[in-house]
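Participant: A predicted structure for the sequence below; I have some questions about it.
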Number of protein chains: 2
Amino acid sequence: MSNFDLEQFLPYLLNQAAEASSLAFQQVYKDRYGMLRNEWRVLFHLGQFGPMTASAISTRARLHKTKISRAVAKLETRRFLQRRRDEDDRRVEHLHLTGAGRAAFDDLRAVADRYDAQLLSGLSASDARALKQHLATLAAAEPGLARM
Amino acid sequence: MSNFDLEQFLPYLLNQAAEASSLAFQQVYKDRYGMLRNEWRVLFHLGQFGPMTASAISTRARLHKTKISRAVAKLETRRFLQRRRDEDDRRVEHLHLTGAGRAAFDDLRAVADRYDAQLLSGLSASDARALKQHLATLAAAEPGLARM
DNA sequence: GCGTAATAGTTGTTTTTGTAACTAACAAGG
DNA sequence: CCTTGTTAGTTACAAAAACAACTATTACGC
């Protein structure tokens, strides 16, 4: 007999925590800017790392290129970003935020910053650091589960 | 100027960790039993908590009832569970695993158990406990973000 | 009882996602 | 140059999720 507990199973716990903690923030970017999850993510990548290509975002965010493509298209029609074709390699487009995009990013980043603090308010600074460190490790790991 | 970092934003980190850690396990229940996420969740609830109603699963798993309904329908056609109409309240149906359902659960539970151990192999027992405790707290919290 | 509301669960319709196939541009070997 | 392969990004179609409307049954107020 195993003492396995679904609600202590890490992937399950992570999903529950991720969903619960995403809800309130989602409300904000959806209500204020009509954005979806992938759009917000692209916006934040451009806001934080400056102009980059769709591929670069794809790699960094671990998002499939079709998701990026659609998110970029929507952000473009809403005038949050613009594309600039690379002159040397004409397959590539560099994406950069417009004024409106930057404004939305600044607004949402401030919300995210406060929200993050709120979520961690029950933890000591060192506990919070440790938690994020563990999560980053899990996020970075190539899963792979050896023949189970 | 804020020192906000997207990759340190808790909801983002949680999502990245959840997705990465779910991948390998998803491969198993998909490949072996053709199940989707909601189906293994329902299977695990019935396996772990015994017969229960769709509503009870909905509440406990925080899954919308339409997701439960469709997952149950699929698990039923694949003979992993059966329904039993409640005699006192004929709206209610009690769901219970069949032999095949129990077997699938036992198999997947064993995989999950080993996988969980593998995911946590880099942490001390007390760190692992603390991590799960924090995640459970986050998962349980009613988000709510006060006017940001 | 009778009308209204609430609960259990399903079904239909619209969005969003996933997967694969596609175009276009560059790179490398001969 | 020309074939073959690779990379950047889009588009088309199938699968799944979200959301709203629906049926059936029970509970409640009067």
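Facilitator: Looks like it came in fine.
Participant: distance of A:Thr98 from B:Arg84?
Facilitator: 59 Å (Cβ to Cβ, to the nearest Å). Using the backbone N, CA and C atoms, a C-beta is placed for each residue, glycine as well.
Participant: Minimum distance to DNA strand C, which residue of chain A gives it?
Facilitator: Nearest residue of chain A to DNA strand C, counting by Cβ to the nearest atom of the strand: A:Arg90, 3.5 Å away.
Participant: That residue: which element?
Facilitator: Using DSSP states H and E, A:Arg90 is not contained in any helix or strand.
Participant: I'd like the distance from it to B:Ser124, if you could.
Facilitator: The spacing between A:Arg90 and B:Ser124, counted by Cβ to Cβ, is 53 Å.
Participant: for A:Gln133, same thing?
Facilitator: Between A:Gln133 and B:Ser124 the distance, using Cβ to Cβ, works out to 13 Å.
Participant: Between those two, point out the one with more neighbours.
Facilitator: A:Gln133 (12 against 9; other Cβ atoms under 10 Å in any protein chain shown).
Participant: Confirm that one sits in a helix?
Facilitator: Yes. Judged by DSSP: H, G, I helix; E, B strand; the rest coil, A:Gln133 forms part of a helix.
Participant: Identify the residues contacting the residue nearest to the spatial centre of chain A.
Facilitator: For chain A, the residue nearest the mean C-alpha position is A:Arg41 (4.1 Å; Cα atoms, centre = their mean). Applying Cβ atoms under 8 Å, 6 or more residues apart in numbering or on different chains to A:Arg41 gives the contacts A:57, A:61, A:63, A:71, B:12.
Participant: ok, now with 10 Å
Facilitator: A:29, A:35, A:57, A:60-61, A:63, A:67-68, A:71, B:6, B:12, B:15 (Cβ atoms under 10 Å, 6 or more residues apart in numbering or on different chains).
Participant: Of those residues, which ones also sit close to DNA strand C?
Facilitator: Counting by Cβ under 7 Å from any atom of the strand, A:Lys67 from the contacts of A:Arg41 sit close to DNA strand C.
Participant: closest to DNA strand D among the contacts of A:Arg41?
Facilitator: Ranked by distance to DNA strand D (Cβ to the nearest atom of the strand), these are led by A:Ile68 at 6.6 Å.
Participant: What is the burial count for the closest one?
Facilitator: Using other Cβ under 10 Å, A:Ile68 has 22 neighbouring residues.
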